[in-house]
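1. Pasting the sequence and the predicted coordinates here, then a few questions.
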Amino acid sequence: MNWNKWIRQFHRWVAVVFTLTVIITFIALAQEKPVVWVSYVPLFPLALLLLTGLYLFVLPYVSKWRGGRRTADDK
């Protein structure tokens, strides 16, 4: 598996983790005595999503700027 496919797969799994942490946060904050620090739990997966998402967003522009051509193996 090449680097770009690994980043894309990692981004997808982090999106699942982020969604689960947001759901858990909503449940935790809906309790009678909510623990406020739980609201910070989704920030780490969100930061990872930001970094990997920016990488995936810039990737086609960088390959075009370098003059690289996509092959069948890059898909």
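-> Nice, thanks for sending it over.
2. per-residue confidence at G68?
-> pLDDT, G68: 60.
3. and what of N2?
-> pLDDT, N2: 85.
4. From F44, how far out is it?
-> For N2, the distance to F44 equals 26 Å [Cβ to Cβ, to the nearest Å]. For every residue, glycine as well, the C-beta is placed using N, CA and C.
5. So which of the two has more stuff around it?
-> F44 (13 against 8; other Cβ atoms under 10 Å).
6. Determine which residue lies closest to the centroid of the chain.
-> Most central in the chain under Cα atoms, centre = their mean is L49, positioned 2.5 Å from the mean C-alpha point.
7. which element is that residue on?
-> L49 belongs to helix 43-66 when assigned by DSSP states H and E.
8. Can you spell out which helices and strands pack onto that helix?
-> For helix 43-66, the elements it packs on are helix 3-29, judged by 3 or more Cβ pairs under 8 Å, 6 or more residues apart in numbering; DSSP states H and E.
9. quick one: buried residues of the helix it packs on?
-> I7, H11, V14, A15, F18, T21, T25 (16 or more other Cβ atoms under 10 Å).
10. OK, contacts around the first one?
-> I7 sits next to T52, Y55, L56 when contact means Cβ atoms under 8 Å, 6 or more residues apart in numbering.
11. residue at max distance from the center of this protein?
-> Within the chain, E32 marks the point farthest from the mean C-alpha position, 31.5 Å out by Cα atoms, centre = their mean.
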